[in-house]
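> Sequence and predicted model, in that order:
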Amino acid sequence: GQYVVEGVRFNSDNPNVFNVFQGFKYEKLEQVDESKIDMFINDLTYGTIAGGNKEVFENILNWIAFIAQNAGQKTRTAIILQGLQRIGKNRFTDAISEMFSRYSQPNISTIEEFTGTFNSVVKNVMFAVLNEIMNYNESKKGTAQAMKTIITDKTIRINEKNQPRRRAENVINTIIVTNNDYPIQLDNSEGRYLVIKCKAVHRGDQEYFNKLRKGLDKDFYDNLLTFFLTRDISKFDPTDIPMTDAKKQLLNVSRTPVDDIIIKNYKKFKDGIPISEKRQDKTEKILSSKVDGQMDSWTVYKNHQQYSFQYVWCRIKDGISICPSVQLSCNFWCLIFFCLVLSFCLVLNLDLILHS
């Protein structure tokens with residue numbers, strides 16, 4: 001009979017669809033010999049990569065196991081590893097990349113390879129490492145948005161040289177490795193990233209890393225793959241990410257001028273602005289005048305091209321939670337919304353509205 005291919009997928013149960021995924025390079029064993037992987041799992045991964053944090057450690061293992069047990073599916077999250085050079089971050093990611101060999105990219109040196117004009121590097125890759133990412137800056141806003149798409153979307157637009165653009169499956173799961181404090185901008189409601197500050201437990205310990213390297217043979221990878229394929233992840237939700245001190249710090253440096261104004265003037269948003277205050281000063285003196293010399297409230301509210309009404313409102317709604325120990329009720333949100341509308345009216349001198 002004639003065999004007809006109905007399509008091409010990374011991994012499909014349909015017998016008439018060609019699968020790109022043809023199994024792993026390494027073998028699944030009947031039983032894991034934990035002595036073969038103990039140094040990698042319980043020392044390097046737990047002590048260095050997870051920084052001795054049990055919750056983070058379990059999340060990392062479950063995240064990798066999810067990729068191994070669900071080839072072609074996305075976790076819809078990414079891991080950021082921050083830390084000094086020569087502490088073992090790349091030893092860890094290189095080993096995971098080798099375990100997923102054939103379907104991995106172990107060393108993508110620039111984020112533009114993901115998000116730039118030619119991005120074929122993401123095609124048919126289930127695990128990738130973005131290595132040594134530099135500090136984020138304002139010119140990379142579009143890049144940060146593109147990364148969100150790569151992390152969460154099930155399809156991606158592929159652009160190869162001398163080839164027409166096309167839609168393709170997006171099966172990639174990403175670890176970002178960096179020595180920098182501000183590799184990417186995070187929104188306050190950001191739930192895509194597990195941010196980890198790795199510990200320098202074995203920095204400069206050449207004897208340790210030589211011993212680790214010598215143990216990374218086929219027997220090691222067979223046992224490592226089996227460990228992840230047989231790990232119980234029935235209760236694991238990849239999007240339930242632990243909050244870490246490293247993520248809090250990254251959120252703090254990611255704050256926008258609008259966030260700063262909301263935090264600095266939180267009480268005024270909560271209590272409202274009396275009309276008597278408006279009559280005394282209709283313009284810049286409403287709320288604060290300056291926030292660290294960056295931007296005043298007049299600029300925020302009046303410059304609609306830079307910060308739209310919807311943007312400011314969303315930042316208030318999302319960013320207000322930066323303030324500690326704040327529990328917001330429905331009535332309180334209504335109060336904030338009323339104060340915001342009133343502030344616009346005051347700043348723009350809409351006296352007819354106020355006196356109608």
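Structure received.
> the strands in the chain, which residues?
Counting by DSSP state E, the chain has strands at residues 7-9, 17-19, 78-82, 104-108, 127-131, 155-158, 166-169, 174-178, 193-197.
> Tell me the neighbouring strands of the fifth one, and mark each as parallel or antiparallel.
Within its sheet, strand 127-131 is paired with strand 104-108 (parallel), strand 174-178 (parallel), according to DSSP bridges.
> Quick one: work out the angle between the last one and strand 78-82.
When axes from the mean of the first three to the mean of the last three C-alpha atoms, to 10 degrees is applied, the directions of strand 174-178 and strand 78-82 differ by 20 degrees.
> Any regions of the stretch 151-300 of the chain where pLDDT drops low?
Within the stretch 151-300 of the chain, the stretches with pLDDT under 70 are 189, 257-260, 262-263, 265-300.
> Quick check: Ser234 vs Asp94, distance?
Distance, Ser234 to Asp94, using C-beta to C-beta, to the nearest Å: 29 Å. The way it works is simple: take the backbone N, C-alpha and C, and place the C-beta from them, glycine included.
> which one of these two has more residues nearby?
Using other C-beta atoms under 10 Å, the more surrounded residue of Ser234 and Asp94 is Asp94, with 18 against 5.
> which residue packs closest to the more buried one, ignoring adjacent ones?
Spatial nearest neighbour of Asp94, excluding adjacent residues (C-beta to C-beta, 6 or more residues apart in numbering): Pro106 at 5.7 Å.
> and the one you found, how many neighbours?
Pro106 is flanked by 17 other residues according to other C-beta under 10 Å.
> per-residue pLDDT, it?
For Pro106, the model assigns a pLDDT of 91.
> Now do the same contact list for it.
Going by C-beta atoms under 8 Å, 6 or more residues apart in numbering, Pro106 touches Thr93, Asp94, Ser97, Glu98, Ala128, Val129.
> repeat that with 10 Å
Neighbouring residues of Pro106 by C-beta atoms under 10 Å, 6 or more residues apart in numbering: Asn90, Thr93, Asp94, Ala95, Ile96, Ser97, Glu98, Phe100, Phe127, Ala128, Val129, Asn131.
> Top of those residues by number of neighbours, please.
Highest neighbour count within the contacts of Pro106: Ala128, with 26 neighbours (other C-beta under 10 Å).
> gap between it and Ala78?
Counting by C-beta to C-beta - Ala128 and Ala78 are separated by 10 Å.
> circling back to that earlier point, of all the contacts of Pro106, which comes closest to Glu58?
Closest approach to Glu58 among the contacts of Pro106 (C-beta to C-beta): Ile96, at 16.1 Å.
> Is that closest one in contact with Ala65, as I believe?
No. With contacts counted by C-beta atoms under 10 Å, Ile96 stays clear of Ala65, the gap being 11.1 Å.
> I'd like the distance between Lys227 and Gln31.
Small correction: residue 227 is Phe, not Lys. With C-beta to C-beta as the criterion, Phe227 and Gln31 are 10 Å apart.
> Please say which of those two ends up with more neighbours.
Phe227 (22 against 8).
> does Ala65 really touch Arg231, like I thought?
Yes. Using C-beta under 10 Å, Ala65 is in contact with Arg231, at 4.2 Å.
> quick revisit: any shared contact partners between Ala128 and Ala78?
What both Ala128 and Ala78 touch, as defined by C-beta under 10 Å, 6+ apart, is the set Ile150, Ile172, Asn173, Thr174, Ile175, Ile176.
> Weed out the non-buried ones from the residues you listed.
With burial judged by 16 or more other C-beta atoms under 10 Å, the buried subset of these is Ile150, Ile172, Asn173, Thr174, Ile175, Ile176.
> For the fifth one, give the beta-bridge partners.
Note on Ile175: beta-bridge partners Ile79, Val129, judged by DSSP bridges.
> What residues does it make contact with?
Shown in contact with Ile175 (C-beta under 10 Å, 6+ apart): 49, 60, 63-64, 78-81, 89, 92-93, 96-97, 127-131, 194, 196.
> residues contacting the residue nearest to Lys218 when sequence neighbours are not counted?
With sequence-adjacent residues excluded and distances taken as C-beta to C-beta, 6+ apart, Lys218 is closest to Tyr26, at 7.0 Å. Going by C-beta under 10 Å, 6+ apart, Tyr26 touches 98-101, 218-226.
> Which pLDDT does the model give Tyr26?
Value for Tyr26, per-residue pLDDT: 98.
> Could you check how far it is from Arg165?
Distance of Tyr26 to Arg165, computed by C-beta to C-beta: 35 Å.
> cool, Lys123 as well?
Per C-beta to C-beta, Lys123 is found 12 Å from Arg165.
> Residues that sit against both of those two, list them.
Shared contacts of Lys123 and Arg165 (C-beta under 10 Å, 6+ apart): Ile158.
> out of these two, which sits in the busier spot?
Lys123 (17 against 9).
> and the residue nearest to Lys25 when sequence neighbours are not counted, how many neighbours?
With sequence-adjacent residues excluded and distances taken as C-beta to C-beta, 6+ apart, Lys25 is closest to Ser101, at 4.4 Å. Look at Ser101: counted by other C-beta under 10 Å, it has 13 neighbours.
> and if you look at Phe92?
22.
> is it true that Val122 touches Ile150?
Yes. At 6.6 Å, Val122 counts as touching Ile150 under the criterion of C-beta under 10 Å.
> tell me the contacts of Phe228?
Phe228 makes contacts with 28, 32, 37, 61-69, 96, 99-100, as judged by C-beta under 10 Å, 6+ apart.
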